[in-house]
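In: Generate coordinates for the sequence data below:
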Amino acid sequence: MWKWLHPYAKTESAYQLCSSLKPWLWGGALLSLAVGTVWGLAFAPADYQQGDSFRIIYIHVPSAILSMGTYVAMAVAALVGIVWQWRTAFMSMIAMAPVGALMTFIALFTGAAWGKPMWGAWWVWDARLTSELILLFLYFGVMALYVAFDDKQQAGKAAGVMALVGVVNVPIIHYSVEWWNTLHQGATISKFDTPSIAPEMLWPLLINLLGFALFIAAVTVVRLQNEILRREIHRPWVQQLAASRLEQKKVEPRHAV
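Out: Numbers count the residues shown, from 1 in each chain. Presented below is the predicted three-dimensional model:
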């Protein structure tokens with residue numbers, strides 16, 4: 001079943017796959033984010049209680065959901081790297097980490113901006129907010145542990161173990177509003193049978209969720225390619241790639257000044 005994945009354990013194959021996916025991911029991300037953001041901020045109706053201040057949901061909710069989703073994907077990559085000893089899996093893990101940290105920061109920042117008019121405070125030590133903050137520290141910890149080792153294979157293993165241990169925080173974030181009495185509102189779009197949001201507000205949110213996911217994937221493949229080139233700089237295929245690009249630049253026509 002998973003045989004189709006095996007070729008991508010090779011860095012060259014993974015690099016070529018990233019090159020193939022990159023334009024589609026960037027194109028889909030830009031289109032989805034443009035449509036979802038404009039629709040949500042300009043055309044979706046105002047909330048009957050929160051007015052226009054609810055519109056931050058179109059940034060806050062996708063970033064919050066995908067901060068957890070990216071961490072789970074990072075933990076899966078870590079598991080693959082530890083079990084099957086795939087270097088590309090460890091490279092994928094570390095390529096995702098800064099992007100996931102950025103999504104977590106955006107979720108925390110927009111949540112604080114939303115919480116001020118709704119709760120009267122920028123920050124409270126709410127279960128959801130606190131566990132999301134811990135997620136940001138976990139991302140930082142994985143990145144710091146990775147750069148602490150000169151041997152990047154050992155660095156990947158150490159950071160991978162930390163990523164796997166930290167994944168226990170993800171269900172705590174998700175179910176915190178059900179397990180504890182918190183200020184944070186309950187589930188909105190995850191109740192697929194009866195979502196607690198009007199369809200004309202829901203669709204731009206789902207489009208932006210797709211756009212954020214494609215953006216994360218696009219940045220990750222770019223970072224993965226850079227990590228592969230950095231780690232494989234002495235490999236013949238990397239040197240051949242660099243030579244071909246240098247030759248291509250030499251033959252590009254130059255405009256007269």
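In: Let me know how buried residue 249 is, in neighbour terms.
Out: Using other CB atoms under 10 Å, residue 249 has 8 neighbouring residues. Where C-beta positions appear, they are placed from N, C-alpha and C, glycine not excepted.
In: Now do it against residue 225, distance only.
Out: 18 Å (CB to CB, to the nearest Å).
In: Show me where the stretch 151-257 of the chain has its helices.
Out: Under the criterion DSSP state H, counting those that start in this stretch, helices of the stretch 151-257 of the chain are mapped to 152-166, 169-179, 199-231, 236-251.
In: With respect to residue 89, which of those lies nearest?
Out: Of all the helices of the stretch 151-257 of the chain, it is helix 152-166 that lies closest to residue 89, at 7.9 Å by CB to CB.
In: how much does the closest one deviate in direction from helix 199-231?
Out: On the basis of axes from the mean of the first three to the mean of the last three CA atoms, to 10 degrees, helix 152-166 is oriented at 150 degrees to helix 199-231.
In: buried sites along helix 152-166?
Out: Residues of helix 152-166 classed as buried by neighbour count (16 or more other CB atoms under 10 Å): 152, 155, 156, 157, 158, 159, 160, 162, 163, 166.
In: from memory residue 108 sits against residue 131, does it?
Out: No - look at residue 108 against residue 131 with CB atoms under 8 Å: they stay out of range, at 11.1 Å.
In: From residue 56, how far off is residue 47?
Out: Distance, residue 47 to residue 56, using CB to CB: 11 Å.
In: who has more neighbours, those two?
Out: Ranked by neighbour count (other CB under 10 Å), residue 47 and residue 56 place residue 56 first, with 18 against 15.
In: got the contact list for the spatially closest residue to that one that is not a sequence neighbour?
Out: Distance criterion CB to CB, 6 or more residues apart in numbering; nearest residue to residue 56, sequence neighbours excluded, is residue 114 at 4.8 Å. Residue 114 makes contact with 53, 56, 57, 60 under the criterion CB atoms under 8 Å, 6 or more residues apart in numbering.
In: For the residues you listed, which two are the farthest from each other?
Out: Applying CB to CB across these, the maximum distance is between 53 and 60, 11.3 Å.
In: Those two: which has the busier surroundings?
Out: Set side by side, residue 53 and residue 60 show more neighbours around residue 60, with 21 against 15, by other CB under 10 Å.
In: Give the phi and psi angles for the more buried one, as a check.
Out: The phi and psi torsions at residue 60 (degrees, to the nearest 10) take the values phi -70, psi -50.
In: do the same with residue 10
Out: Main-chain dihedrals, residue 10, degrees, to the nearest 10: phi -80, psi 130.
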